[in-house]
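> structure for the following, please:
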Amino acid sequence: MSVEAAFGTTLQDAVSTGGTWTCITQYTDISKNGISITRGAADELSDIQAGSCTLVLDNTDGRFTPENSTSPYYPNVTDGVPIRVSVSTATRNLTLNPSFEGGSVEGWLWPAGVEVTTVAAPVQHGTRAARVTWNAGSSGYFETAVYGLTIGAVCTASVYVRVPAGHAAARIRMGGITSSASTVTDTYTRLTVTFTATASVMALQVIPSTTPAVGNLVYVDAVQVEEGGTATVFSPDAAQLSRRFWGLVNQWPVTWEGLGSAVTVTAMDVLSVLSRAEDQMRPMLLQEILLWGPNAYYPLDEPDGSTSGGDASGLTGPRSLAVGQAGAGGELAFGAGIAPLGMSGAPLFTPVSATAGKYLRADLGRAFQATSFTQHLLLEAWVATTVAGRNILTVASPDRSSNLILYLQASTGYLTVSTTTPDASATGIVVGSTNLADGALHHVIYDAEAKELYVDGVSIGSFSAILPVQDLSTLTIGASHNGLTLWSGSISNVALYLDTAMSAANLVDHYRCGTTGFAGETADERAYRLVTYIGLSFGDVGIFNTGIAEQAALGQTCLEHLRDVETTESGKLYARRDAPMVMLQGRSVRYNQSSALNIQYVDFEPTDFELAYDTQKVANTLTLSRPGGATQRMVHAVSRKARGPMGRTVDTLCTDDLVVTDLGNWLLYRYSTPQVELRGIRIEASTMGQAAYRTLMAADISTMITVTAMPSQAPAASMSVTVEGYREDIRHNQHTIQFHTSQAETDSVWVLGDSTYSRLGSTTRLAY
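Residues are numbered from 1 along each chain as shown. Presented below is the predicted three-dimensional model:
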């Protein structure tokens, strides 16, 4: 068992790079308190909650006391520290990938500049070896983490290396000890080091013995780490690592007993990040725009009565948009204009004339101004008007001598861009052949690098004559830089980007977002979109084909919106236990599964499980709904007559009434009558053989387990269950898992032409 913490690693660092991990196993109490981990849900109808891990750390030297400057981890003993718990099993060789079979270098790391691949020859063992190409003058390495070391034990690491003649010799290094350099060339030779394990996780490295030249090689194969003072015959039986938990520490409470001190750590997986109530998600269009890191962004969704528009970019430079006045009269009413789907409103500009009325203006800040000299400008906005010949927006320098104006041509309503440089050179370009002064809402983009304009997600032309502008510091919305040619209509979601790596192609999907809310995309696509807004990684398992309705307005936590997607898919949403990643499991994963493990009844203690038969899950009257669709009532008449009404309400994001009906029929089939089921089984995993133990370590949400040789009082000789969640307790020489389970039989569904799953009247269940 190993416990590691990534001190100084932020959540975003962990998502992008994995973080730098420190083994703290030696401080973990696994004798008295042990490690407790919870995961999943109590049953298939309950929401999966954020997984948790609790463990106690020895704090005798104060290393786990927050803000203790003498701690070797200072100042990084804080909330949000990533922590992970792992279990390693091995026959003798503790290495996870010892001979690169199958062409895999999984579990090995190397720095930039070093190149690694696998080859079929020359090899020491099996059919593959790793070929490492050093970078000239580098302090290169080829490294793997070794788990399952017994702290204080004498161990030996050995690696077979082959160095071509004339290339830098190789060494290996582990536990602070470096081997002698390889002395022969063009043949494999075994390098060894003997060391004392100081942690349960340590790194084994292959390194050059001298500064290598460009293209110097070393072939690596038959890697082994074992307990004992000598290297024994190489064993290709790799160790297996099971990550039991990955999460973020939320507290480091320090307690004392006499002069002793301990810290009880509690950590939660990344579902907790999605569920933070204070982080209510703003509309989907706003979230999409923020993904691209605008240098200034004004959603302009302030309510009626507002007098200014705020910047949503999160940067400190851009100021709020203030109302400016040209001439006399005119109105500017927030919330009264036409806004994209999901947005609460937009300001409506109603000038008296082209020269008399109100507009909005903001200082974009010094950082924006400085960046405009080196980066290329992109801007986008949503507009609606019936009046041509007016200015949408202007970006200008402090003295207004350099400016860019986006407007509609007076005679045609065509989208036009004009730039003026300090020498007063001006170029106006009319692009496209569509009159945008038609009263409809339009999405417009200008890409200064490509000199291209987009309307409603489609390029309407590029041009070379337009002049580039820079030294930009002021944004005017609804007028020119001098407050003229006033806009009449709505403008919202004005975003400005300064980035040479971006193009308009990155922004065109905003039109689809603002008009459809991405309605119709599948559950995995929608879940990926929502999770991306939070900055986490996402993965999916299964087949997804049910369309999801728009969620353009959002407004709740990310987790609540993901729950709606999960319900519609009838899938499972959870956090991976080995990484900061959110997973969505499609309903297809559970259909017609094979059992991962068979366990005989006699292997359980008599009190470790019991059969349930009750109405806890029964529903014979359903009320189902979808956005913009029918509210349907579905009844299982036989069950209702026998038991009376037992109702359930199901709100979905389905896009079709027939899909809602399919879901309702599936739920009535599964839950209209009680079922005999095992709702929990407790397994002492440490007493099982290695093969069974490894299978149990792989068991996760939706894994099927079968209990065989049931006693005569049971309804069947064997019963299969599906894992919904579990609690595990890890102590010295003990690993207990209490699985929360549901009946697997209800996920047995019809398959056309299958000898098992298409038997008339027996397995003809049509699944949702």
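> in the stretch 501-650 of the chain, which spans are helices?
Under the criterion DSSP state H, counting those that start in this stretch, the stretch 501-650 of the chain contains helices at 509-516, 523-534, 558-569, 637-643.
> quick one, which of the ones you listed is nearest to residue 49?
Among these, helix 558-569 comes nearest to residue 49, with 10.1 Å by C-beta to C-beta. Quick note: C-beta positions are derived from backbone N, CA and C, even for glycine.
> ok, and for stretch 537-546, which residues are buried?
537, 538, 540, 541, 542, 544, 546 (16 or more other C-beta atoms under 10 Å).
> would you turn the helices of the stretch 501-650 of the chain into JSON lines with distance to residue 577?
Listed next are the helices of the stretch 501-650 of the chain as JSON lines, based on distance: least, C-beta to C-beta, whole Å:
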{"stretch": "helix 509-516", "distance to residue 577": "33"}
{"stretch": "helix 523-534", "distance to residue 577": "17"}
{"stretch": "helix 558-569", "distance to residue 577": "18"}
{"stretch": "helix 637-643", "distance to residue 577": "38"}
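> can you redo those as TSV with distance to residue 426 and mean neighbour count?
Below are the helices of the stretch 501-650 of the chain laid out as TSV (distance: least, C-beta to C-beta, whole Å; neighbours: other C-beta atoms under 10 Å):
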stretch	distance to residue 426	mean neighbour count
helix 509-516	29	20
helix 523-534	40	22
helix 558-569	47	22
helix 637-643	77	13
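> among the buried residues of stretch 537-546, which lie within strands?
Residues of these located in strands (DSSP state E): 537, 538, 540, 541.
> need the residues you listed in TSV (columns: distance to residue 724 and pLDDT).
Putting these into TSV (distance: C-beta to C-beta, whole Å; pLDDT from 0 to 100) gives the following:
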residue	distance to residue 724	pLDDT
537	24	96
538	22	97
540	19	97
541	16	97
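> so which of these is the closest to residue 89?
Of all those, residue 541 has the smallest distance to residue 89: 24.3 Å, by C-beta to C-beta.
> count of residues packed around the closest residue to that closest one other than its chain neighbours?
Computed as C-beta to C-beta, 6 or more residues apart in numbering, the closest residue to residue 541 that is not its neighbour in sequence is residue 585, at 4.9 Å. Other residues near residue 585 come to 22 when the count uses other C-beta atoms under 10 Å.
> what sits against residue 585?
540, 541, 542, 571, 572, 573, 574, 701, 702 (C-beta atoms under 8 Å, 6 or more residues apart in numbering).
> same thing but 7 Å
The contact partners of residue 585, by C-beta atoms under 7 Å, 6 or more residues apart in numbering, come to 541, 542, 571, 572, 701, 702.
> now do it against residue 293, distance only.
Residue 585 is 31 Å from residue 293, where distance means C-beta to C-beta, to the nearest Å.
> next: residue 605.
Counting by C-beta to C-beta - residue 605 and residue 293 are separated by 57 Å.
> pick out whichever of the two has more residues nearby.
Of the pair residue 605 and residue 293, residue 293 is the one with more neighbours under other C-beta under 10 Å, namely 14 against 9.
> now that one, what's its secondary structure?
Following DSSP: H, G, I helix; E, B strand; the rest coil, we place residue 293 in the coil state.
> how close does it get to residue 497?
7 Å.
> could you do residue 11 as well?
Distance from residue 11 to residue 497, by C-beta to C-beta: 25 Å.
> same check, this time on residue 194
Computed as C-beta to C-beta, the residue 194 to residue 497 distance reads 58 Å.
> so between those two, which is more surrounded?
residue 497 (25 against 17).
> surely that one forms part of a strand?
Yes. The assignment for residue 497, made by three-state DSSP, places it in a strand.
> quick one: pLDDT of the residue nearest to it when sequence neighbours are not counted?
In space, and not counting its chain neighbours, residue 497 is closest to residue 378: 4.3 Å by C-beta to C-beta, 6+ apart. Predicted confidence (pLDDT) for residue 378: 97.
> quick check: beta-bridge partners of residue 378?
Beta-bridge pairing of residue 378 under DSSP bridges involves residue 447, residue 497.
> so it touches residue 447, yeah?
Yes. Counting by C-beta atoms under 7 Å, residue 378 touches residue 447, with 5.3 Å between them.
> what do these two both touch?
Common contacts of residue 378 and residue 447 (C-beta under 7 Å, 6+ apart): residue 504.
> which stretches in the chain count as helices?
Using DSSP state H, the helices of the chain run over 11-17, 271-274, 284-291, 366-371, 509-516, 523-534, 558-569, 637-643, 657-671, 690-698.
> for those, give me TSV that also has mean pLDDT and distance to residue 164.
Converted to TSV, the helices of the chain look like this (pLDDT from 0 to 100; distance: least, C-beta to C-beta, whole Å):
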stretch	mean pLDDT	distance to residue 164
helix 11-17	94	33
helix 271-274	95	49
helix 284-291	97	48
helix 366-371	96	50
helix 509-516	98	51
helix 523-534	97	46
helix 558-569	96	54
helix 637-643	96	76
helix 657-671	94	63
helix 690-698	94	39
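> out of those, which gets nearest to residue 626?
helix 657-671 (5.4 Å).
> buried ones in that closest one, by neighbour count?
Within helix 657-671, the residues scored as buried using 16+ other C-beta under 10 Å are 659-671.
> and if you look at stretch 151-162?
Using 16+ other C-beta under 10 Å as the test for burial, stretch 151-162 gives 155, 156, 157, 158, 159, 160, 161, 162.
> repeat that for stretch 198-211.
Under 16+ other C-beta under 10 Å, the buried positions of stretch 198-211 are 199, 200, 201, 202, 204, 205, 206, 207, 208, 209.
> next, format the buried residues of stretch 151-162 as JSON lines and append distance to residue 64 and pLDDT.
Formatted as JSON lines, those follow (distance: C-beta to C-beta, whole Å; pLDDT from 0 to 100):
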{"residue": "155", "distance to residue 64": "27", "pLDDT": "97"}
{"residue": "156", "distance to residue 64": "32", "pLDDT": "98"}
{"residue": "157", "distance to residue 64": "30", "pLDDT": "98"}
{"residue": "158", "distance to residue 64": "36", "pLDDT": "98"}
{"residue": "159", "distance to residue 64": "35", "pLDDT": "98"}
{"residue": "160", "distance to residue 64": "41", "pLDDT": "98"}
{"residue": "161", "distance to residue 64": "40", "pLDDT": "98"}
{"residue": "162", "distance to residue 64": "45", "pLDDT": "98"}
